[in-house]
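Visitor: Sequence first, predicted model second:
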Amino acid sequence: MNKRKGIAAILVSVMVLALLAGCAKKFDASGYTKSILDLYYKGETEQYVKLTQTTKEKAEEQYTQNLDQMVEELSEWELSDELMEKFRGFLADLNKNVKYTVGEAKEDKDGNFTVDVTVEPIMNLTDAVDVYVERYEEYTQKLMEDVENGAKIPTEEEILNDEIELYYNVLRESLDSGVKYGDAETVTMHVEKNSDNKYEIPQEDFKALEALTMSTDFN
């Protein structure tokens, strides 16, 4: 099922977060970076609210919007509402298991910072493929037998929904049985002041980090 590659890419879609303001003299770049990751992945708002002077309600809204965006990407497959909701719960649980360690910030002469973030990638998405392939073969075999015995041929939409639900079940079982992590890798995040004297982390840094959080190598 080549479509699983597209879905796996959605599972690690890039985070979208607003710019955060900080005081140049007492700015905690390491804490700032961790607060963004904690909000995005874990839904933890306390430090995000403290460091950005936003409200808890707005922080929770930001977390929900990011999760909604990931789920919305799945809408192209025209899945049932029930299956979409299942994936929403799975994505939330998957993100909460992302493992990262935020290092100390290093400041340069211009008042900008670099922060090393060490990530241990979740391997479950890759490891579940063999199980999926086996079950998919069983599914297609039964489908052919049922049709040969007079059962109605399902529509392409019904087959796609069955395939993706099968993939969801394999992923859910894999995650519930225990998270597996790969070898740690490190990404350097740049925390820099923009023209408005607000600190921000370039989107390409988030992309680099996201690429390491979960292994989706199906080759």
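Guide: Arrived safely, thanks for sending. It should be emphasised that the depicted structure is a prediction, and the values quoted were computed from it without experimental measurement.
Visitor: Only C-alpha atoms from now on, for both contacts and neighbour counts.
Guide: OK.
Visitor: Which stretches in the protein count as strands?
Guide: In the chain, the strands defined using DSSP state E lie at 99-107, 113-120, 185-193, 199-200.
Visitor: distance of residue 199 from residue 193?
Guide: Computed with C-alpha to C-alpha, to the nearest Å, the distance linking residue 199 and residue 193 is 4 Å.
Visitor: Looking only at neighbour counts, state which of the two leads.
Guide: residue 199 (23 against 18; other C-alpha atoms under 10 Å).
Visitor: Would you check that the more buried one makes contact with residue 190?
Guide: No: at 9.6 Å, residue 199 does not count as touching residue 190 under the criterion of C-alpha atoms under 8 Å.
Visitor: Stretch 36-51: end-to-end distance?
Guide: Span of stretch 36-51 from end to end, C-alpha to C-alpha: 10 Å.
Visitor: related to what we said a few turns ago, just send the strands of the chain back as CSV, with mean pLDDT too.
Guide: Shown next, in CSV, are the strands of the chain (pLDDT from 0 to 100):
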stretch, mean pLDDT
strand 99-107, 97
strand 113-120, 97
strand 185-193, 94
strand 199-200, 88
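Visitor: tell me the most buried of the ones you listed?
Guide: Stretch with highest mean neighbour count among those: strand 199-200 (a mean of 22; mean count of other C-alpha atoms under 10 Å).
Visitor: just checking, what packs against it?
Guide: strand 185-193 (3 or more C-alpha pairs under 8 Å, 6 or more residues apart in numbering; DSSP states H and E).
Visitor: Okay, helices next: where are they in the chain?
Guide: 3-11, 29-37, 46-52, 56-73, 81-96, 124-127, 129-148, 156-176, 203-213 (DSSP state H).
Visitor: Where does pLDDT dip in the chain?
Guide: 1-25, 216-219 (pLDDT under 70).
Visitor: I'd guessed residue 36 sits against residue 48; true?
Guide: Yes: under the criterion of C-alpha under 8 Å, residue 36 makes contact with residue 48 at 6.5 Å.
Visitor: coming back round to it: so which of the strands of the chain gets nearest residue 177?
Guide: Of all the strands of the chain, strand 99-107 sits nearest to residue 177, with 17.0 Å by C-alpha to C-alpha.
Visitor: Count the neighbours of residue 149 for me.
Guide: Counted with other C-alpha under 10 Å, residue 149 comes out at 9.
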